[in-house]
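Novice: Have a look; sequence and predicted model below, questions after that.
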Amino acid sequence: MERVAPCPVCKKPVEPRGRNPSFPFCSDRCRRIDLGRWFGEEYRVPSTPADGEEHPPAPDDTPEQ
């Protein structure tokens, strides 16, 4: 029996890689939604600043005047 994983966008069952060109998503639509979230900066990869680099302000920090 094959293990069926949920689509990371809509949570529907995802067909295995061999039968689904959009894997790990259930469809091309969900694949594009996920890509749009990356482009819209809804997802972020955490990182630490290199030596000598300053920490950038958090997105919800507003400069005090």
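Specialist: Arrived safely.
Novice: so C10 makes contact with C26?
Specialist: Yes - at 6.4 Å, C10 counts as touching C26 under the criterion of CB atoms under 8 Å. Heads up, the C-betas are built off the backbone N, CA and C, glycines and all.
Novice: When these two are compared, which one has more neighbours?
Specialist: Ranked by neighbour count (other CB atoms under 10 Å), C10 and C26 place C26 first, with 21 against 13.
Novice: can you give me the helices for this structure?
Specialist: Taking DSSP state H, the helices of the chain run over residues 28-39.
Novice: Geometrically speaking, which residue is the centre of it?
Specialist: Nearest to the geometric centre of the chain sits Y43, at 5.1 Å (CA atoms, centre = their mean).
Novice: That one: what's it in contact with?
Specialist: Contacts for Y43 (CB atoms under 8 Å, 6 or more residues apart in numbering) come out as R37.
Novice: what's the pLDDT at it?
Specialist: pLDDT, Y43: 86.
Novice: now A50
Specialist: Per-residue pLDDT puts A50 at 72.
Novice: Count the neighbours of it for me.
Specialist: 6.
Novice: can you count the residues close to R29?
Specialist: 12.
Novice: one step back: can you tell me how far the residue nearest to the centre of the chain sits from E15?
Specialist: According to CB to CB, to the nearest Å, Y43 and E15 sit 24 Å apart.
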